[in-house]
Every structure is written in structure tokens, then in C-alpha cells.
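Asker: Just a sequence and a predicted model for now, questions to come.
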Amino acid sequence: MNRNCPATQTVASTATGQSCSYLLLLLTMLAFQVGCREEVEGPDPQSVASNSPQDDLEEAIEYINSLDDFDQEQVVDLTVYHLNRWIAPKADDDQWNRSSLIDSLPRRLRDIRFVGSVQEKKFLYVDVNHIHQCRWLRDISNWVNRTAASAHTEPWNQFIPESVNSQQREKLFLAAKLFDWTIRNVQLDPLPALSQETLDNSWNLAYEGTVGPGYTLTAQQTILYGHGDAWQRARLFILLARQQRIEAVMLAIQKTPDGQPTPWLPAVMLNDQLYLFDPQLGLPLLTQNGQLATIKELREDPEILTRLASQAGQSYRVQPDDLQQIIALVDASPFALSQRMMMLQKKLTGENQMVLTVMPDRIGKQLRDKHSINTTKLWNVPLETLLYADGHERNKQTTDPAESVKTRYQMQEELFRTDLRSPLITARQRYVRGQFDNRTMEKGQSETPGAKPLLMSSRMSKKEIAAIETEASLQEALQLQQAPEETVAEWKQRLNDAQLYYSAIKQYASYWLGLIQLEQGKYEVAISWLQRTLDDGSDNPFFQGAHYNLGRCYEALGQQAKAIQMYQFADSPQHVGNRLRSQLAKPAEVNEATKADPGE
């Protein structure tokens, strides 16, 4: 293990008033627990020379499973090395075909290198990012699937039509739970202003690093940050469902014959029906009888759309006339379209199984044959996300830091820099796996910290954060002493930035502790944590999400009046959906088991 980790990577909190020397000791202990990166030795040429392809595949899978726990750069190198040794002697997969939908992409997107290499059997470093993201999506969807119905998810059962058979009902309920998880865990950010001109030029804007709808975050970053616009929420939901073999597409409106379509909402393909879920409202579309609406029912009863108008008289963003112009968009990165990912997916068995690919042409045929949706395209956003990542990085390198555009939420990029390995990242990784509490894998081994204890330990007290400015011993513990080449003004600014950094860690940690308690059905405990977010005021990055999730907690406890009060909060991009939800909120008996344990 590399033990040369700066203390700033693993800041932890003690109770208010504890001595700084105790804090320094705690920082050191946490550095060994979660902050340091493992040093991974490269492969010994002599030892791998005799490896069989199966040995190389098993080695690669071992590294894939450790991507969260070891030095990323080294593990990526080793993963690519062993995957390429495994695939090199393999013949082409006769079940793989290059998707014909690639040819209908705008030229700028077709020219992306990764799009042109989908047939290649050579793994690239960026492929590991795709595999890593799929692993996160698989882990989340698996534990959401395993989690028993609770007071905050059980109401979804009432929305499922009685006509759905038991097997399909189970899948539709799971799809609803994955959608619900997405809405609770990803606070809705405003979707950048849309126009036909913006849509038709979106790939150029992405290439320039200009902020636009959907493409500024990968699905993995959406999970990590807990923020996303409506399209990013939609992508995350579609990809979570895919890991459970539930196919979903993004419906869009083709408003002009030659222009780019306007994405609308995800539709889940089950039981020869397309069920509609709206990530901007945070709700599914419902029939007049309060059941999940399908595209067929929507065409028969366009009044479903009329009922979604806001109380201020603002109409829903899709109108009945638009239903004649619906097309389908398939979320497919070039990696998910590649032959090498299909070959790898077929070899992943048991607990290593995950979905790495998608077959857009087959989906398009099903949509034509069963749903009268005659046009299917690849969604531009997954490809524009690749362009934006490069453009954003170029802008950061060429722009004066004093003039750079700040992220929407203060300190967000600093908090989640992978090289810092902050406890927030480690806690989020544990959360992704569903590991909320400490766990001992085998008798005699030390405990692996869970998300809750990691988040608890990362929260510095207000007194300690204030002391960063004046307490020399704390500055030393956090490696914030004045450097010889620094002016006093520069040093003071660095201390101020550190205070903002640790305050932000505390805000994220407190909010996520509330969400974990909600997941575990401990609603009153969750309320106590989420209320701290409200107490911070609108500067807290989760001020809007806390209102919504407090509403969900009160709703689960049967405290309808309090739930409605939270849903009525207007300063949120989701306020229309929240008010619609307040009309659906029903009293429920308070489960005594959900009440707070005084000892917690």
C-alpha cells in the first residue's frame, strides 16, 4: 500500500470540541482505511507467458472487480492488457452485426473514432470506463431488485394495471422501483434552454465544451454527484433497467422533417406495451384510473397529457398533436455497440454477469411491429457526452482559472477528483454496492467500512471548520501551512477554499446519510438528517432534493399534510411533478419499526 497520502484526502470529523491532536490521529487512521491507493505491480512477462486465454479473462475480471479499490490508472492498464491477451486468438462473433443505425448519425458523431472501431477486437483504455460504469449500474439495480417492498416503494403496486400477468408485473414493479430510485437519488437540475437550432447544433456545442442538455455528465457521474437534468435522469433509468434485462427507449418528437428530434421521456418495453415514465416530473404518466399509462392508451386518451398542466396554467411540454410525430431513440454508446463488448458479455457468468451491449436494430424492429413507431435512431447524447468530456478538458487547460466557468454547485469538481480519493467517493462506491454498514468478509479479517460510517467520519464540525483559519495544529494536520513561496493573501485564500471544501463535504455527507436511512425504511432518522439540509438554506446543493425526499419520508409515515407541505416547495425544476404527487399522496399507518431508535 502506498502510505504517502496527503491528509487532505481523507478528512474525518470528531465530535465538536475534540482536540486537534485527536483529529490528526483520526485523519491518519482514515488514510489507511479509505484514502490511500493500492500500488499494483505490473504483470511479470515470464509468469503470464504461459497463461491460457481463460486465465487472462479471469485476471481481467479480477481487476474489473477492484476498479473502485485500487489505483485506477494501474488497474486500467492491467485490465486492458489481460482483455487483449484473452480476445486476441478469438474468431469474430458470428452473432454480432454492426448496427445499421450508425449510418443515420450526424456526420460529426459518425466520425468519432470509437464509432468507427465498433468491429475491432482490441480493447481500449476508454473501454474500461464503460465496463466500470456498467458494473455500478448492475450493482445498484441488483440491490434495488433484492430490497423488499417498503412504505416508500409499495405504493408503486397500485399503479400497475391488473391486466398484467404475474411475471410481467414483477418486472414492471422492478422498473418502477428503478425509476423511483433515480428520482430520489438524482436531484433534478434545470434542462438548458432548448430550441431547434440548439438541437441541430448540439454536437458542435458539445465539442466546444459548451454546456447543453444531457451530455455534460456520464451516467456514472450522475450517480456520483447526485445531480442531473431530465435527460441525464432518463439515461440513468434506461441503463439501470437494461442491467435487469428490461429494455427501455427514449421517446422523442420529430418536429421538423430534417431536424434533430426533441427527446421526451423513457418508455419501458414490457408485455407488448410501452409504459411511460417522466423524469422531469419525477412521475410516471397515469391513466384516468391511476394506472401506468402506455403509449397506446395515450393515443386513445390524449387528455392524459392535458391533466399534466401546471397549476399556473402552463401546458405540458408535449401536446396531443405531437403524438403523431413520435420516434424512438436508443441509448447506445459506441462501446455498447462494439463486437468486443458482446464477446466479453457472453463470458461473464455468475455474480460477474452484467449487460455491456445493446442491439438497436432488434429494438427498432420490435417498435415497428408492435408499437407503430416506425422510426428508431441512436440517441445523440451518449456520443455528445464523449465530445463534451474532451471539450470541457481542453477549456480547463486553456482558460485562465480566474475566468473559468464555475460548476453549478460549489466545489463539485474538487470534491470528486479521483486523485484526491475523498471519503465521499469511497462512501459513494460502498453505497453503489448496497454496503451501507461495516462488513466483515471472512472471520478474522478487519471490517470493510460501509457508506454510513464513512459519511459520518467525513463530517467535520462547524467549530473545526472555523478553526482552519486560525488553528496552526489543524492547518498542519490538513497540510494547509503557509508555503514559502506564498503571499499571506494567497495563503488566506487557500484556507478559505479549504473551509468551503470541508463544508461542502459535510453537506453532501449529511444529505446522503438521510437518503441511506430512507432506503433502509428508517424514515424518522432520515428526516432528522434531511432537515439539516433545509437548515443550511438554499446554498446547500441538495436544498431542493431534501424537500422532495422529506415529502417521501412523511408520505411513508402517513403524515400526508407534512408531505404535501414539502411537495408544495416551488423553487425546484420538479415543482410541477411534486404538486401532482401531492394529489396522489395517501395516508398510511405508521409502521412502528420505522421510528427512530434513540440510540442512533
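Answerer: Yes, it's here.
Asker: For stretch 304-316, buried residues please.
Answerer: Across stretch 304-316, burial judged by 16 or more other CB atoms under 10 Å covers 304, 305, 308, 316. Quick note: C-beta positions are derived from backbone N, CA and C, even for glycine.
Asker: So what touches that stretch?
Answerer: For stretch 304-316, contacts defined as CB atoms under 8 Å, 6 or more residues apart in numbering pick out 278, 281, 285-288, 293, 297-298, 318-320, 576, 579-580.
Asker: which one of those sits closest to residue 461?
Answerer: residue 579 (37.4 Å; CB to CB).
Asker: now for the helix or strand in which the closest one is found, which elements pack on it?
Answerer: In this assignment (DSSP states H and E), residue 579 forms part of helix 575-584. For helix 575-584, the elements it packs on are strand 283-284, helix 543-556, helix 560-567, judged by 3 or more CB pairs under 8 Å, 6 or more residues apart in numbering; DSSP states H and E.
Asker: where along the stretch 151-300 of the chain do the helices fall?
Answerer: 166-185, 196-200, 202-207, 219-225, 230-243, 295-300 (DSSP state H, counting those that start in this stretch).
Asker: what domains does the record give for this protein?
Answerer: Per automatic domain parsing, the domain ranges recorded for the chain read 100-388, 394-439+447-594.
Asker: Mind checking these for the one nearest to residue 70?
Answerer: Nearest of those (CB to CB): domain 394-439+447-594, 10.9 Å.
Asker: show me where pLDDT drops low in the stretch 51-200 of the chain?
Answerer: Applying pLDDT under 70 to the stretch 51-200 of the chain flags residues 71.
Asker: quick check: mean pLDDT across the helix or strand in which residue 515 is found?
Answerer: If you go by DSSP H and E, residue 515 is part of helix 488-519. Rounded to a whole number, the mean pLDDT of helix 488-519 is 94.
Asker: and the angle for the next helix or strand after that helix with helix 560-567?
Answerer: Sequence-wise, the next helix or strand downstream of helix 488-519 (DSSP H and E) is helix 523-536. Taking axes from the mean of the first three to the mean of the last three CA atoms, to 10 degrees, one finds that helix 523-536 is oriented at 40 degrees with respect to helix 560-567.
Asker: tell me what helix 523-536 is packed against?
Answerer: Against helix 523-536 (3+ CB pairs under 8 Å, 6+ apart) you get helix 488-519, helix 543-556.
Asker: Which parts of the protein are strands?
Answerer: Using DSSP state E, the strands of the chain run over residues 187-188, 227-228, 248-253, 262-270, 273-278, 283-284, 326-330, 376-378.
Asker: quick one: average pLDDT of the fourth one?
Answerer: Along strand 262-270, the predicted local confidence has a mean pLDDT of 97.
Asker: Just the CA trace of that strand, in CSV.
Answerer: Extracted in CSV, the C-alpha atoms of strand 262-270 (Å, rounded to 0.1, in the frame of the first residue of the first chain):
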residue,chain,number,x,y,z
THR,A,262,-36.7,16.6,-29.2
PRO,A,263,-36.3,13.9,-26.5
TRP,A,264,-39.3,13.5,-24.4
LEU,A,265,-39.3,10.6,-21.8
PRO,A,266,-38.3,6.9,-21.4
ALA,A,267,-40.7,4.1,-22.3
VAL,A,268,-40.3,0.7,-20.8
MET,A,269,-40.9,-2.2,-23.2
LEU,A,270,-42.8,-4.9,-21.4
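Asker: name the helices or strands packed onto that strand?
Answerer: Going by 3+ CB pairs under 8 Å, 6+ apart, strand 262-270 lies up against helix 166-185, helix 230-243, strand 248-253, strand 273-278, strand 326-330, helix 360-371.
Asker: now with 6 Å?
Answerer: helix 166-185, helix 230-243, strand 248-253, strand 273-278 (3 or more CB pairs under 6 Å, 6 or more residues apart in numbering; DSSP states H and E).
Asker: ok so, going back, a markdown table for the strands of the chain, including distance to residue 352 and mean neighbour count?
Answerer: Shown next, in a markdown table, are these (distance: least, CB to CB, whole Å; neighbours: other CB atoms under 10 Å):
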| stretch | distance to residue 352 | mean neighbour count |
| --- | --- | --- |
| strand 187-188 | 32 | 25 |
| strand 227-228 | 28 | 24 |
| strand 248-253 | 24 | 24 |
| strand 262-270 | 26 | 23 |
| strand 273-278 | 29 | 24 |
| strand 283-284 | 33 | 21 |
| strand 326-330 | 25 | 24 |
| strand 376-378 | 28 | 21 |
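Asker: Could you dump those strands into TSV with distance to residue 433 added?
Answerer: Listed next are the strands of the chain as TSV, based on distance: least, CB to CB, whole Å:
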stretch	distance to residue 433
strand 187-188	22
strand 227-228	21
strand 248-253	23
strand 262-270	25
strand 273-278	25
strand 283-284	28
strand 326-330	28
strand 376-378	31
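Asker: just the helices and strands packed on helix 575-584: most buried one?
Answerer: Neighbour counts (mean count of other CB atoms under 10 Å) averaged over each of the helices and strands packed on helix 575-584 peak at helix 543-556, with a mean of 24.
Asker: Give me the mean pLDDT for it.
Answerer: What helix 543-556 shows for mean pLDDT is 97.
Asker: separation between the closest residue in space to residue 388 that isn't next to it in sequence and residue 108?
Answerer: Nearest residue to residue 388 in three dimensions, chain neighbours excluded: residue 206, at 4.2 Å (CB to CB, 6 or more residues apart in numbering). To residue 108, residue 206 is 9 Å away according to CB to CB, to the nearest Å.
Asker: Equivalent analysis for residue 477, please.
Answerer: 50 Å.
Asker: Those two: which is more packed in?
Answerer: Between residue 477 and residue 108, counted using other CB atoms under 10 Å, residue 477 has the larger neighbour count: 23 against 17.
Asker: and the gap between the more buried one and residue 471?
Answerer: When distance is defined by CB to CB, residue 477 is 9 Å away from residue 471.
Asker: Closest to residue 554 out of the contacts of stretch 304-316?
Answerer: Distances from residue 554 to the contacts of stretch 304-316, taken as CB to CB, are shortest for residue 579 (15.3 Å).
Asker: For the closest one, give me the pLDDT.
Answerer: 92.
Asker: How about the one 5 residues further on?
Answerer: In the prediction, the pLDDT value recorded for residue 584 is 80.
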